[in-house]
Every structure is written in structure tokens, then in C-alpha cells.
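1. please find the sequence and the predicted model below.
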Amino acid sequence: MLTKKLRGRDFISLMNYSREELETILDVSLDLKRKLAMGEECEVLKNKTLAMVFANPSTRTRTSFEAAMTQLGGHAQFHTPQVMQIAHHETWIDTAKVLDRYVEGIMIRMYGLEKYGMARDILSVMADAAEIPVFNALDDKEHPFQIMADLMTMIEKLGPNWREKKIVMSWAYSERVKSAGVPQTMAIAASLLGMNLTLAYPKKYDVDPDYMAFANKVAEESGAKIDVVNDVFEASKSADVIYAKSWGSFMMSKEEDQEYRKQFKDNWCIAKKHFDLANKQASFMHCLPADRNLEVKDEIIDGPMSVVYDQAENRLHTEKAILALSMRQG
Ligand code: CP
């Protein structure tokens, strides 16, 4: 357990965390879930405030963070750049320095800016300016809170040998060009934790090479198995989890991507034909919101193999663990 080392830490990239630190967060998440189920209060952030800045829409993240802070005895504030002085060109540095004087943590969601990496640069600038922890609730590079909830769900569903089970993170068809934050963060987590991950995507949907380089290097030490295949049917064979997620290509403009991806509409919508190739007890995962009958057929997301609502619930428990471990003093 490395609880002290987590105090005051930003949670922006899983690349800055060790295997032991991620395992500590997961252990505390499972404990907090048990405590909530037994009606045990855990107000370790009493009188503490989290400022949440949402530059993009959210259902799960906003609601679960607010509930997390309430359950920990504190409070979460909801802000958008449109109603902050950012709208009048106040800098992100000044914003971070001022929030730092009022609250004990800053959470930010920001993606889809003009260029890949711009949102991460803003998060990094804020983290440097503020002494309090800054939390990444999805930027253009990673979705670390989502992946912690996904890992917790895998532990619960796959049992003690969960690291050896075949997890397929599959690109899926969508009309919207989405962030690659989920597959990129999963590759980092899988490499650190020694997991068995297959990334499946059509040609031209490679994720950020910096993430693959990090994952492949770490995998050499951790014993993780990180495979890449361009055929979703091959990937589905003997899978224990099929996780569907659409993301955009780094090799094409948004308009070219929307045209190019149409050829993948049928094969890359997760359906019974994929689960027929998977292991018998295989689970379906999706971070939600799902584009139903584009990314995944209703028969799957509403079927017995779907664990998507457990995944969504685990956002609450893992967020509570990370907030408590980093914002708690003393
Ligand atoms: N999965 C996720 O981050 O959901 P929201 O966009 O609704 O917050």
C-alpha cells in the first residue's frame, strides 16, 4: 500500500503511476464499495471542495464526481468555461492559481480542440500553476478515471486470474469522430499491470505511437502481452472481454475519416457473430455513451454478457478512492 505517496498527486496520466500505486487505488476502491454497501460513512474529505470544469458534455463523470464528493463529506462545484472568465480570455494559469486559493482539488474535462495535445497542454499548465491536485476527467490523450473503473470491473467479473484473461479493446463504427483516450489509457494500464490486451482496429486507426512505445517498453518488464490486430473476428477468438470503443484516425482529416470508416460499418459493430467466437462466459464492456446499433448491437449491450452499468457504477467507487487518497490531508 502506497497511500502516503498518493497524497497531493495530480491524476492526469497513468504514465506517472506505478503498478503498486494503481493496485492501491483499486484496493481502496473495492473497500469503499464494500463500505457504501454496508452503510458505513467515510467522510474523509469533510469540508473539502472540488472545482469541476467541464469544457465538454458529460452524464456519468459529472454525476459520479458530485456524488463521490458528497459521500466523502465534501462538495463539488460545476463550472463551464462559458460562464467563467475564460470566456473573456482570462488565462488558464490565472484560473488555476485563483481556484487553488478556494478549493482542495480541480477536475477538468477538455478535448476536441484545434490540435491533438492542446487540451493536455492546458491541463499540464494548470497542474503546474496550482499546488492542489489536478484531475483529468478526459482530455484528448487519456481517460484515466474511466480506465480505473474498467479495471475494477474486470477484477470483479474475471476473478483472481483477471490479468491473464484476454481483453479485446476493439475499435467500433460511429458517425462521430471520438477521442482515442480510452484505448491509449488502457494500453498504459495493461502494460503496468501485466495484463493480456489485444487492440483491434482497422488499418489507419493506430493510436498515438508515444502510447504504444511506452506500453511496449513497460510490457517487457511487467510480462504484459500487448497485441495489435486489424481483424475484429480474429481478435474476438477466445476473448474473455470485448470492449467496444470508437475513435478517430490520426492519419486523416475528420471529413476523410468519416468517409473512410463507412466500409467498416457492418464488421466493426459488435454483435452476436463476434461473441460466437469469444469464450463462453465473455463479457461486453463499453465506457458509455454507446452509439447503439453502430458501435454495438442492442442484442449485446442489453444481453446477459453486458456489464456496462456495473462499469458505470464503478466510476463512483474508483473516483472516491482517487479523490480520498490525493485530497486527504494529515
Ligand atoms: N464515460 C464517460 O466519461 O461518460 P460521460 O461522458 O457521460 O461523463
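-> Sure, I can see it.
2. how deep is residue 31 tucked in, by neighbour count?
-> Number of residues near residue 31 (other CB atoms under 10 Å) recorded here: 15. (Each C-beta comes from the backbone N, C-alpha and C, glycine too.)
3. by contact count, what packs against the helix or strand containing it?
-> Using DSSP states H and E, residue 31 falls within helix 19-37. Counting by 3 or more CB pairs under 8 Å, 6 or more residues apart in numbering; DSSP states H and E, the packing neighbours recorded for helix 19-37 are helix 3-6, helix 144-158, helix 181-193, helix 308-327.
4. now it and helix 181-193, what's the angle there?
-> Counting by axes from the mean of the first three to the mean of the last three CA atoms, to 10 degrees, helix 19-37 lies at 110 degrees to helix 181-193.
5. avg pLDDT for helix 19-37?
-> Mean pLDDT, helix 19-37: 98.
6. for that helix, C-alpha coordinates in CSV please.
-> Extracted in CSV, the C-alpha atoms of helix 19-37 (Å, rounded to 0.1, in the frame of the first residue of the first chain):
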residue,chain,number,x,y,z
ARG,A,19,1.9,-0.8,-10.8
GLU,A,20,1.8,-0.7,-7.0
GLU,A,21,0.1,2.7,-6.9
LEU,A,22,-2.6,1.6,-9.4
GLU,A,23,-3.2,-1.6,-7.3
THR,A,24,-3.5,0.6,-4.1
ILE,A,25,-6.2,2.7,-5.8
LEU,A,26,-8.1,-0.5,-6.9
ASP,A,27,-7.8,-2.0,-3.4
VAL,A,28,-9.2,1.2,-1.8
SER,A,29,-12.0,1.4,-4.5
LEU,A,30,-13.1,-2.2,-3.6
ASP,A,31,-13.0,-1.3,0.1
LEU,A,32,-15.1,1.9,-0.4
LYS,A,33,-17.6,0.0,-2.4
ARG,A,34,-18.0,-2.5,0.4
LYS,A,35,-18.3,0.3,3.0
LEU,A,36,-21.0,2.0,1.0
ALA,A,37,-22.9,-1.3,0.6
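7. out of the helices and strands packed on helix 19-37, nearest to residue 165?
-> helix 144-158 (4.8 Å; CB to CB).
8. about what we covered before: return the distance of the helix holding residue 31 from the chain's centre.
-> Here helix 19-37 is found 16 Å from its chain centre; the criterion is CA atoms, centre = their mean, to the nearest Å.
9. could you pull out the buried residues of it?
-> Using 16 or more other CB atoms under 10 Å as the burial criterion, the residues of helix 19-37 that qualify are 21-26, 28-30, 32-33.
10. pull out the buried residues from stretch 81-97.
-> In stretch 81-97, counting by 16+ other CB under 10 Å, buried: 81, 86, 92, 95-96.
11. quick check: residue 172 touching residue 297?
-> No: counting by CB atoms under 8 Å, residue 172 does not reach residue 297; the two are 10.6 Å apart.
12. which one's more surrounded, these two?
-> residue 172 (24 against 19).
13. and the more buried one, how far from residue 246?
-> Plainly put, residue 172 is 5 Å away from residue 246 if you go by CB to CB, to the nearest Å.
14. alpha carbons of the helix or strand of the chain with the lowest mean pLDDT, as PDB, please.
-> Across the helices and strands of the chain, mean pLDDT, DSSP states H and E gives its lowest value to helix 3-6, namely a mean of 82. C-alpha atoms of helix 3-6 as PDB (Å, rounded to 0.1, in the frame of the first residue of the first chain):
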ATOM      1  CA  THR A   3      -1.300   5.600   0.400                       C
ATOM      2  CA  LYS A   4       1.000   8.400   1.500                       C
ATOM      3  CA  LYS A   5       2.800   8.700  -1.800                       C
ATOM      4  CA  LEU A   6      -0.600   9.400  -3.400                       C
END
